[in-house]
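*Asks:* Here is the input, now give the coordinates:
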Amino acid sequence: MGICGYFTVSWKCLVVLSFRLLFLVPAGLPVHSQGESQTDSKVMDNITVRQGENVFLRCAQGDIVTHTAWLNRSSILYAGEDKWSVDPRVSLVTLNQEEFTIKIEDVDMTDEGPYICAVQTSSRPRTTSVHILVQVPPTIINLSKDIVVNEGSNVTLMCQASGKPEPSLTWKLLSPSDAPSVSEGRDVGVTLGQRGVLECEVDAVPKADFEWYRDDRRIINGLDGMEIEDAGQLSKLTFLNISEADYGNYTCIAINKLGSSNASFVLYEVIEPTSSTLVQEGSTNVLLLSSSVLEKTSSETFALPAGPGAVQDGNSGSMGTHVHTYTCLLLVILLPFLLKF
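*Replies:* Have a look, this model is predicted:
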């Protein structure tokens with residue numbers, strides 16, 4: 001039946017046959033005893049490469065090399081400088097006394113397996129073998145479509161994935177109730193030239209990302225005197241120096257993969273009272289109160305009952321008493337304002 005049989009050829013048999021075809025050993029070489037090895041063999045470490053990447057197969061040559069070749073599990077790739085493989089992804093990189101290297105581009109699962117570097121020296125053949133392991137990133141190849149079921153019914157969900165090594169699958173429930181929920185916006189009043197802060201607080205799982213808008217224009221952090229600081233569930237929009245143009249409507253939007261939510265804010269102007277404003281308001285109140293007292297005093301004066309001697313004595317005494325009372329009240333009202341100056 002021959003060395004390797006009629007129908008099955010292992011990679012070891014291929015190596016032997018390749019040596020016989022490529023490396024025609026000249027006659028007259030000494031015959032080795034049956035127990036003596038006629039071939040030096042060396043096994044290299046495995047090479048692990050991801051699908052789609054390139055791999056380099058290197059083989060040390062040594063002195064007095066007459067023939068050299070790279071073989072895979074089923075065919076000869078290179079014999080010296082001659083390419084035997086019809087695969088355009090395979091190419092020769094280096095061939096000299098120190099190194100014999102070939103490259104395989106865009107590695108696929110079909111490239112996985114053993115590779116052998118065969119070297120013929122003046123004394124005996126030598127082989128170096130290496131095994132390529134190809135890793136394939138996990139990919140979901142079949143997934144259940146959306147299903148509508150009645151409450152209390154059973155449901156089966158399917159997920160199939162491929163990859164090498166074999167991927168592990170996990171399921172996670174993403175509840176719609178975990179979509180972002182932004183607290184109601186709180187309007188803020190700030191005086192011109194002061195520092196102002198709008199705060200946006202959200203409740204969200206998973207964590208939400210924040211965006212701030214002035215009308216329909218998105219606010220960029222650090223531009224136009226505005227800074228955005230996100231810390232967990234809270235985002236702050238800070239105005240370093242409020243100007244007239246800063247007053248208006250603002251919107252905070254919280255976004256995660258389950259949805260989004262927003263809240264609106266109004267930044268309005270606050271006018272601080274000055275000393276002249278206080279004096280003016282105080283004077284107005286005093287005048288109003290004085291007028292009220294004067295009217296009351298006048299009404300009481302003219303409402304005194306008439307009687308004998310009222311014209312000579314009663315009117316003059318009563319009028320003097322009320323004028324004195326009015327003067328005292330006026331001093332009491334004005335005294336707090338006079339003490340401020």
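
*Asks:* Tell me the buried residues in the helix or strand encompassing Ile102?
*Replies:* Assessed by DSSP states H and E, Ile102 sits inside strand 99-104. In terms of neighbour count (16 or more other Cβ atoms under 10 Å), strand 99-104 has its buried residues at 100-102, 104. The C-beta positions use only the backbone N, C-alpha and C, and glycine is treated the same way.

*Asks:* What ranges in the chain fall below the confidence cut-off?
*Replies:* In the predicted model of the chain, residues 1-40, 63, 175-177, 274-341 satisfy pLDDT under 70.

*Asks:* which residues in it form helices?
*Replies:* Residue ranges of the helices in the chain, as given by DSSP state H, are 11-22, 275-302, 315-339.

*Asks:* if I look at Ser181, how far off is Ser41?
*Replies:* For Ser181, the distance to Ser41 (Cβ to Cβ, to the nearest Å) stands at 69 Å.

*Asks:* What is the nearest of the buried residues of strand 99-104 to Lys83?
*Replies:* Ile102 (9.1 Å; Cβ to Cβ).

*Asks:* can I assume that closest one is in contact with Trp70?
*Replies:* Yes. Counting by Cβ atoms under 8 Å, Ile102 does reach Trp70; the two are 5.3 Å apart.

*Asks:* which neighbours do the two share?
*Replies:* Residues touching both Ile102 and Trp70 (Cβ atoms under 8 Å, 6 or more residues apart in numbering) are 57, 77-78.

*Asks:* So which of these belong to strands?
*Replies:* Using DSSP state E, the subset of the shared contacts of Ile102 and Trp70 located in strands is 57, 77-78.

*Asks:* Closest one of those to Met158?
*Replies:* Set against Met158, the nearest of those by Cβ to Cβ is Leu57 (40.9 Å).

*Asks:* out of everything not next to it in sequence, what's closest to that closest one?
*Replies:* Nearest non-adjacent residue to Leu57, counting by Cβ to Cβ, 6 or more residues apart in numbering: Ile102, 5.2 Å away.

*Asks:* picking up where we left off before, and of the shared contacts of Ile102 and Trp70, the nearest to Glu211?
*Replies:* Taking Cβ to Cβ as the measure, Glu211 lies nearest Leu57 of the shared contacts of Ile102 and Trp70, at 51.8 Å.

*Asks:* what sits against the closest one?
*Replies:* Leu57 makes contact with 47, 70, 101-104, 115, 117, 130 under the criterion Cβ under 8 Å, 6+ apart.

*Asks:* will you turn those residues into TSV that also has distance to Pro88?
*Replies:* Formatted as TSV, the contacts of Leu57 follow (distance: Cβ to Cβ, whole Å):
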residue	distance to Pro88
Ile47	21
Trp70	16
Thr101	18
Ile102	13
Lys103	12
Ile104	11
Tyr115	18
Cys117	21
Val130	22
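
*Asks:* count of neighbours near the closest residue to Glu244 other than its chain neighbours?
*Replies:* Spatial nearest neighbour of Glu244, chain neighbours left out: Leu192 (7.1 Å); criterion: Cβ to Cβ, 6+ apart. When neighbours are counted by other Cβ atoms under 10 Å, Leu192 registers 14.

*Asks:* my guess is Leu192 meets Tyr268, correct?
*Replies:* No. Leu192 lies out of contact with Tyr268 (Cβ under 8 Å); the separation is 11.5 Å.

*Asks:* Tell me where the stretch 51-200 of the chain has strands.
*Replies:* With DSSP state E, counting those that start in this stretch as the criterion, the stretch 51-200 of the chain has strands at 55-60, 65-72, 76-79, 82-83, 90-95, 99-104, 113-121, 125-143, 159-164, 181-182, 188-190, 196-203.

*Asks:* and those as a markdown table, adding distance to Asp230?
*Replies:* Putting those into a markdown table (distance: least, Cβ to Cβ, whole Å) gives the following:
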| stretch | distance to Asp230 |
| --- | --- |
| strand 55-60 | 44 |
| strand 65-72 | 55 |
| strand 76-79 | 56 |
| strand 82-83 | 59 |
| strand 90-95 | 51 |
| strand 99-104 | 48 |
| strand 113-121 | 52 |
| strand 125-143 | 32 |
| strand 159-164 | 34 |
| strand 181-182 | 13 |
| strand 188-190 | 18 |
| strand 196-203 | 9 |
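
*Asks:* Gly163 versus the closest residue to Arg89 other than its chain neighbours, what's the distance?
*Replies:* Closest residue to Arg89 apart from its sequence neighbours, by Cβ to Cβ, 6+ apart: Glu105 at 4.4 Å. Shown here: Glu105 relative to Gly163, a distance of 22 Å by Cβ to Cβ.
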